[in-house]
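Trainee: Show me how the following folds:
(chains A and B)
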2 protein chains.
Amino acid sequence: MDLTEYKTSSTLVYDGKLMKAWSDEVRLPNGKTAVREYIKHPGAVIMLPLFANGDTILVKQFRYPVGKTFFELPAGKLDGEEPLEQAVQRELAEETGWSGTRLTRLAEFYPCIGYSNEKMWLYLVEELLEASAQTDHDEFLEIHRMPFGRAVAMAHGGEIDDMKTVAALFFGERFLKSKT
Amino acid sequence: MDLTEYKTSSTLVYDGKLMKAWSDEVRLPNGKTAVREYIKHPGAVIMLPLFANGDTILVKQFRYPVGKTFFELPAGKLDGEEPLEQAVQRELAEETGWSGTRLTRLAEFYPCIGYSNEKMWLYLVEELLEASAQTDHDEFLEIHRMPFGRAVAMAHGGEIDDMKTVAALFFGERFLKSKT
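Mentor: Residues are numbered from 1 along each chain as shown, chains lettered A, B, ... in the order given. Okay, here's the model as predicted:
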C-alpha cells in the first residue's frame, strides 16, 4: 500500500526566534485532504563521551517547556551546513569543556515524528581532551561526570527520563558489550 | 545551583488545528531575560503489545513532517482528562484491532524537551483479545505482527529509527530479561 501523503500547499504559520512552524495541506492515500502542522528543525547531534576509565558526562539543565531539570547527554543543533563531526566537537566543547579525538557514529533516529522533522545523530566520543569551554550565554548547566554504568542504571530506573539520552545510553551499552 | 527559569510573560503564537505554539519570556538564573518557544502537548501513551507466542505488533505509517514511512509501536495522544489505561486500550484498538487485559507500566519519558512539553507513558500490554478496530479516518497504516526479538534487532540495526519505538523496545527487552 502506498501510504505517502502529498503536499498541495504549505504555509509558514509561525516564524519565531528559534522555532518555525508550518501548516501544510496534503492529499491522503484515499484522495481526501488533511492538514499537517509541524516544526522545521535543522537536525541535531547527541554525544556519548567515554573516558578511558569508563566515565561519561551528563549535563543537568532546566528545560523550560517541561518545567523541570533533566540529566542529559550533551547535544545540540546543527549550525547551517556544518558537517556532523564538526557539530559534535563544537557542542561537546561548549557544553562540557571537552573535545574528543575519536568519534564513532552509533545510530541515527527521529525524536518527534508526529510534529517535527528533527533528525538526530548519535556519536560515541573517546580519547577526550580538555577544550576551552565557551558556554552559550543563555545556557545554564551543571556537568556531572560519572561511570557509564551508573548513567545506564539511571535510565533504566527512570531518574534519566529525557528520551534521546535514554535511547543513546541503551545504544552505547549494546555497542560496548559487542566489543568485549 | 538553581537552574530554574521563571515565566514573565506568555503568548499563544500559533493556535492551529492540532498544534499550539507558545512564546514565553523568562528570567534566567543570572537575572537576564530570554525567549522560550515551545509546543503544548496533551501527552501520549505508547504500547508494547506482547502475544503469548512472543510476537509484538508494529504499525507502519507515513509521517509527513519527516516525509517517510516508519515502523512504530502503537501510540497516541491522550484525549483530555482520559485515564492513561483507557487511552492505552482506545489507541491500541484504533490502530491494531487488539485490546489487552493485562497492562504493566514500564517507563515514562519526554521525547522532545527542547521545544515541547510532551510526556509519554510506556505500557506492556499482554493477554491480547481481538477488539473491533475503529481506525481514525485520516490515519493510514499497515499492521506488522512479528517476533519481539526481530523488532529489537530492527531497532539495533537502524531499520526502526523512530526514537520512542527504539526506547520502548529497549525498555521491553530489559524488562522481559529481568523476568526470566
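Trainee: quick one: contacts for the closest residue to residue A:69 other than its chain neighbours?
Mentor: Excluding the flanking residues, the one nearest residue A:69 by CB to CB, 6 or more residues apart in numbering or on different chains is residue A:62, at 5.0 Å. Glycine gets a C-beta too; all of them are placed from N, C-alpha and C. Applying CB atoms under 8 Å, 6 or more residues apart in numbering or on different chains to residue A:62 gives the contacts A:68-69, A:140, B:3-5.
Trainee: most neighbours, which of these?
Mentor: Highest neighbour count within the contacts of residue A:62, by other CB atoms under 10 Å in any protein chain shown: residue B:5, with 20 neighbours.
Trainee: Could I get the phi/psi values of the residue lying closest to that residue once chain neighbours are set aside?
Mentor: Closest residue to residue B:5 apart from its sequence neighbours, by CB to CB, 6+ apart: residue B:26 at 4.2 Å. Dihedral angles phi and psi of residue B:26 (degrees, to the nearest 10) take the values phi -130, psi 160.
Trainee: mind giving me the domain split of chain A?
Mentor: Segmentation of chain A into domains, based on automatic domain parsing, reads A:6-40, A:44-179.
Trainee: Among the ones you listed, show me which one is buried the most.
Mentor: domain A:44-179 (a mean of 18; mean count of other CB atoms under 10 Å in any protein chain shown).
Trainee: Now find how far off-centre it is within its chain.
Mentor: 7 Å (CA atoms, centre = their mean, to the nearest Å).
Trainee: And it, end to end?
Mentor: 26 Å (CA to CA, to the nearest Å).
Trainee: what residues are up against the residue nearest in space to the middle of chain A?
Mentor: In chain A, the centroid-proximal residue (CA atoms, centre = their mean) is residue A:46; its distance is 4.4 Å. Applying CB under 8 Å, 6+ apart, we find residue A:46 in contact with A:73-75, A:120-123, A:164-165, A:168.
Trainee: sorry, back to before: I figured the residue nearest to residue B:5 hits residue A:64, correct?
Mentor: Yes: at 6.0 Å, residue B:26 counts as touching residue A:64 under the criterion of CB atoms under 8 Å.
Trainee: Give the residues shared as contacts by the two.
Mentor: B:5, B:36.
Trainee: gap between the residue of chain A positioned farthest from its centre and residue B:67?
Mentor: Centroid-distance maximum for chain A: residue A:31 at 35.7 Å, with CA atoms, centre = their mean. Per CB to CB, to the nearest Å, residue A:31 is found 20 Å from residue B:67.
Trainee: just to revisit the earlier point, please flag which of the contacts of residue A:46 sit within strands.
Mentor: Members of those lying in strands (criterion: DSSP state E): A:75, A:120-123.
Trainee: and chain B, which of those contact it?
Mentor: residue A:120 (CB under 8 Å from any CB of the partner chain).
Trainee: Closest one of the ones in strands among the contacts of residue A:46 to chain B?
Mentor: Ranked by distance to chain B (CB to the nearest CB), these are led by residue A:120 at 7.4 Å.
Trainee: pretty sure the closest one is touching residue A:110, no?
Mentor: Yes: assessed by CB under 8 Å, residue A:120 is found in contact with residue A:110 at 7.1 Å.
Trainee: Can you check which residues contact both of the two?
Mentor: Listed as contacting both residue A:120 and residue A:110 by CB under 8 Å, 6+ apart are residue B:163.
Trainee: between the contacts of residue A:46, which is nearest residue A:21?
Mentor: Nearest to residue A:21 among these, counting by CB to CB, is residue A:120 at 19.4 Å.
Trainee: check contacts around the closest residue to the closest one other than its chain neighbours.
Mentor: Excluding the flanking residues, the one nearest residue A:120 by CB to CB, 6+ apart is residue A:44, at 4.9 Å. Residue A:44 makes contact with A:75-78, A:118-121 under the criterion CB under 8 Å, 6+ apart.
Trainee: if we go to 10 Å?
Mentor: Taking CB atoms under 10 Å, 6 or more residues apart in numbering or on different chains, we find residue A:44 in contact with A:75-78, A:84, A:87, A:91, A:111, A:118-121, A:164, B:114.
Trainee: Write down the beta-bridge partners of it, one by one.
Mentor: residue A:77, residue A:120 (DSSP bridges).
Trainee: what's the answer for residue A:130, then?
Mentor: residue A:98.
Trainee: Please look at it and residue A:99 and confirm they touch.
Mentor: Yes: if you go by CB atoms under 10 Å, residue A:130 and residue A:99 touch, sitting 8.0 Å apart.
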